[in-house]
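Participant: return atomic coordinates for the entry below.
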Amino acid sequence: MEATVGAVLYSPTGSFAAAFSMRLPDCSSPLLAKAMACKEALSWVRNRGVLSVVLHTDCSDLQRLLASSRVHLFSYIAYPIDSARSLMSLFNSCSVELIPRTANLGAHTLATLAFSQVNAMCWDSVPPAVISDFI
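Facilitator: Next up, the predicted model:
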């Protein structure tokens with residue numbers, strides 16, 4: 001199955017800071033796609049020098065897997081979950097909050113648009129017009 005990632009970064013005051021979207025390798029399940037998207041989003045945020053982050057997801061399984069350090073995985077999902085956990089440990093503060101998809105329409109819209117992209121896209125300071133109504 002085709003997969004993409006879309007992320008919107010907000011400043012501590014809640015204003016738009018940056019956005020990112022890209023295609024991912026094909027995934028064998030929706031949970032794998034969510035885990036890979038999470039890993040890519042965390043990597044992008046970390047590379048921007050952000051020290052504290054609250055990650056929003058609409059996937060309760062992903063939130064549970066990332067929030068628990070006691071869960072040891074021995075399947076296809078282990079690599080992106082372990083990678084995301086490793087990235088999370090590099091932040092001064094990093095939490096994962098479960099929110100409805102309707103509360104994260106900017107990221108969802110960017111992920112949907114990434115299906116038609118060849119390369120990763122990044123927007124700084126000014127959001128892409130397609131998500132302006134959501135932020």
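
Participant: who touches the closest residue to residue 127 other than its chain neighbours in this structure?
Facilitator: The shortest distance from residue 127 to any non-neighbouring residue, by CB to CB, 6 or more residues apart in numbering, is to residue 16 (4.9 Å). For every residue, glycine as well, the C-beta is placed using N, CA and C. Listed by CB atoms under 8 Å, 6 or more residues apart in numbering, the contact set of residue 16 reads 8, 9, 10, 125, 126, 127, 135.

Participant: among the residues you listed, the buried ones, what's the PyMOL command?
Facilitator: In PyMOL syntax, the buried subset of the contacts of residue 16 is picked out as below (16 or more other CB atoms under 10 Å):
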select buried, resi 8+9+10+127
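
Participant: in the helix or strand encompassing residue 86, which residues are buried?
Facilitator: Assigned by DSSP states H and E, residue 86 belongs to helix 78-88. Neighbour counts using 16+ other CB under 10 Å place 80, 81, 83, 84, 85, 87, 88 of helix 78-88 among the buried residues.

Participant: right, I'll call it a day here.
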